[in-house]
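Undergrad: Return atomic coordinates for the entry below.
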Amino acid sequence: MGREPRHERSANCRATTCFAEKFGRPAKGNDKGKVEGLVGYARRNFMVPIPRYATWEEFNEHLLTQCQKRRERRLRGHQQTIGERFERDREQLLPLPAARYEACDKRSTRVTSMALVRYRANDYSVPVEWGHREVLVKGFVHEVVICAASEVIARHPRSYEREDMIFDPLHYLALLERKPNALDQAAPLAGWDLPEGFTQLRRLLEARLGKKGKREYVQVLRLLETFARPEVTRAIEDALRLGAISFDAVKHLLLCRIEQRPARLDLENYPHLPAARVATTAAADYLTLLSQGSLLMDTPQVLLDHHLKTLRLPTFLREYDKVAQQCAAEGVDFPRYLLRLSELELLDRERRATERRIRQAKFDVVKSLDTFDFLAIPSLNKALVLDLARCEFLERKENILALGNSGTGKTHIALALGLAACQKRPPRPVHHCGFAGA
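TA: Numbers count the residues shown, from 1 in each chain. Down below sits the predicted model:
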């Protein structure tokens with residue numbers, strides 16, 4: 001047989017699957033007659049009449065079904081079906097490689113300021129937080145996959161046009177949440193086909209809240225980043241039916257539907273929303289009519305609210321009335337009432353402090369050890385990484401140095417340890433926490 005120059009991707013495929021190449025001669029179909037015969041059989045039996053499918057996935061599913069049916073046939077002169085004969089031959093074949101070979105074109109490039117990646121004269125979108133960063137583009141026959149380190153950040157159907165722009169609207173919602181006025185002019189959202197309930201919810205939100213309503217609508221759209229579209233659509237329909245027009249209500253209904261628990265749309269779960277308090281009318285209330293429009297104010301409550309704001313005790317201010325009612329119903333004494341309020345204030349203050357430390361750290365992306373796949377890197381000392389996550393090195397004023405080849409999880413672990421350090425309540429101020437990778 002002939003010899004051909006070896007291509008890099010062909011060499012990678014041979015190294016992964018451990019097979020020896022054997023080239024046929026140009027225009028000599030008899031060199032591979034069996035292959036040519038099976039191609040002709042598949043064309044005559046699987047694609048006549050000419051099949052029409054909307055996607056490659058549907059067409060491949062059709063071919064797979066036809067091949068599985070053929071495995072059940074018994075050819076003339078044989079006692080076993082094609083599938084049974086193949087299982088017998090499989091015993092003599094080499095096992096498949098542990099890692100699947102990716103038959104694709106790989107190219108390294110940089111994300112533009114518009115969160116776009118250039119590949120084969122076309123632009124593909126990525127989430128905006130990956131702007132100006134190095135990524136790896138994998139060009140398959142039917143799709144383009146964009147990776148950063150070991151994480152897949154975007155998938156798109158491959159376009160064979162030129163100068164085409166392929167957007168995923170979800171990639172730009174984080175930016176639109178900060179700039180909601182650009183919602184109607186955003187090119188990535190042009191032609192985004194959403195159910196009617198989304199449009200109705202936006203109209204009601206903007207009518208009630210104005211500009212804030214547009215931002216809340218973007219927050220509802222961002223639920224599509226995590227949850228499937230049918231689930232979000234049903235939650236919006238429930239919110240419209242109940243008249244609960246807000247992002248918090250939609251999210252609450254969505255989580256209740258997924259967790260299969262009844263919804264509780266009471267404002268006590270959302271203290272930041274304005275609450276309507278209607279008191280029982282008393283005879284003394286009519287004294288306001290005799291005071292020429294002057295209002296009688298509850299002086300102790302007003303002063304208490306003012307003092308709590310001055311002392312910067314927002315949780316006390318928000319919760320003291322509700323906790324007082326609970327303690328009165330349970331017969332709790334005054335010291336335990338103060339204890340409950342103090343615990344709520346302390347927990348909320350620690351939460352805000354942790355969020356402030358994470359913002360000040362200015363991580364490129366927030367990652368934790370919960371999402372790290374230790375099985376993908378067996379040589380990594382998991383016990384050591386978990387011990388470092390206890391952040392005892394902060395008390396000893398030590399640094400951490402991460403060494404290893406590219407793609408071994410150094411960046412992920414460094415970000416996770418940084419997040420753990422921010423979440424840990426330091427015994428003394430932490431002036432600097434550094435991570436180095438090679």
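Undergrad: Which positions in the lengthiest helix in the chain come out as buried?
TA: Ranked by number of residues, the top helix in the chain under DSSP state H is helix 334-361. Using 16 or more other C-beta atoms under 10 Å as the test for burial, helix 334-361 gives 337, 340, 341, 344, 345, 348, 357, 358. Any C-beta I mention is one placed from the backbone N, CA and C, and that applies to glycine too.
Undergrad: distance of the third one from residue 325?
TA: Think residue 341. 13 Å (C-beta to C-beta, to the nearest Å).
Undergrad: Now do the buried residues in stretch 390-398.
TA: For stretch 390-398, by 16+ other C-beta under 10 Å, it's 391, 394.
Undergrad: actually stretch 179-191, not the one I typed
TA: 180, 183, 186, 188, 189.
Undergrad: What about residue 382, how many residues nearby?
TA: Using other C-beta atoms under 10 Å, residue 382 has 13 neighbouring residues.
Undergrad: That one contacts residue 374, correct?
TA: Yes: with contacts counted by C-beta atoms under 8 Å, residue 382 reaches residue 374, the gap being 4.8 Å.
Undergrad: which residues of the stretch 51-200 of the chain fall in strands?
TA: Here the stretch 51-200 of the chain has its strands, by DSSP state E, counting those that start in this stretch, at 105-110, 116-119, 122-125, 134-139, 143-148, 151-157, 165-166.
Undergrad: Please identify which of these is closest to residue 394.
TA: strand 151-157 (27.1 Å; C-beta to C-beta).
Undergrad: Now do that closest one, average pLDDT.
TA: On average, the pLDDT along strand 151-157 is 95.
Undergrad: Low-confidence regions, this structure specifically.
TA: Scanning the chain for pLDDT under 70 picks out 1-7, 265-300, 425-438.
Undergrad: Domains in it, by residue range?
TA: 8-90, 105-166, 177-269, 300-358, 363-437 (automatic domain parsing).
Undergrad: In JSON lines: these, plus distance to residue 97.
TA: Converted to JSON lines, the domains of the chain look like this (distance: least, C-beta to C-beta, whole Å):
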{"stretch": "domain 8-90", "distance to residue 97": "5"}
{"stretch": "domain 105-166", "distance to residue 97": "18"}
{"stretch": "domain 177-269", "distance to residue 97": "33"}
{"stretch": "domain 300-358", "distance to residue 97": "40"}
{"stretch": "domain 363-437", "distance to residue 97": "15"}
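Undergrad: Compare those domains and give me the one nearest residue 98.
TA: Closest of the domains of the chain to residue 98 is domain 8-90, at 9.9 Å (criterion: C-beta to C-beta).
Undergrad: what's the span of the closest one, first residue to last?
TA: From its first residue to its last, domain 8-90 covers 29 Å (C-alpha to C-alpha, to the nearest Å).
Undergrad: Over to stretch 15-29?
TA: Start-to-end, stretch 15-29 (C-alpha to C-alpha) is 27 Å.
Undergrad: now swap in stretch 183-203 and tell me
TA: End to end - C-alpha to C-alpha - stretch 183-203 spans 13 Å.
Undergrad: ok, now stretch 42-61?
TA: 14 Å.
Undergrad: mind listing what's buried in that stretch?
TA: So, applying 16+ other C-beta under 10 Å, stretch 42-61 has no buried residues.
Undergrad: between the buried residues of helix 334-361, which is closest to residue 44?
TA: Nearest to residue 44 among these is residue 358, at 62.6 Å by C-beta to C-beta.
Undergrad: And the closest one, how far from residue 352?
TA: 11 Å.
Undergrad: same question, residue 182
TA: Taken as C-beta to C-beta, the span from residue 182 to residue 352 is 30 Å.
Undergrad: and if you look at residue 193?
TA: Taking C-beta to C-beta, one finds residue 193 at 40 Å from residue 352.
Undergrad: Secondary structure element for residue 235, which one?
TA: Assessed by DSSP states H and E, residue 235 sits inside helix 229-242.
Undergrad: so residue 118 makes contact with residue 108?
TA: No: with contact defined as C-beta under 8 Å, residue 118 does not reach residue 108; the gap is 11.7 Å.
Undergrad: nearest residue to residue 141 other than its sequence neighbours?
TA: In space, and not counting its chain neighbours, residue 141 is closest to residue 158: 7.1 Å by C-beta to C-beta, 6 or more residues apart in numbering.
Undergrad: State whether residue 156 and residue 124 are indeed in contact, as I suppose.
TA: Yes: checked against C-beta under 8 Å, the pair residue 156 and residue 124 is within contact range at 4.8 Å.
Undergrad: Pull up the overlap in contacts between those two.
TA: 144, 146, 166 (C-beta atoms under 8 Å, 6 or more residues apart in numbering).
Undergrad: ok so, going back, between residue 156 and residue 124, who's got more neighbours?
TA: residue 124 (27 against 18).
Undergrad: picking up where we left off before, same drill for residue 118 and residue 108, tell me which one is more crowded.
TA: For residue 118 versus residue 108, neighbours defined as other C-beta under 10 Å are more numerous around residue 118 (14 against 8).
Undergrad: angle of whichever strand or helix holds residue 257 against helix 229-242?
TA: According to DSSP H and E, residue 257 maps onto helix 247-259. If you take axes from the mean of the first three to the mean of the last three C-alpha atoms, to 10 degrees, helix 247-259 sits at 120 degrees to helix 229-242.
Undergrad: what's helix 247-259 packed up against?
TA: helix 211-222, helix 229-242 (3 or more C-beta pairs under 8 Å, 6 or more residues apart in numbering; DSSP states H and E).
Undergrad: Done for today, thanks.
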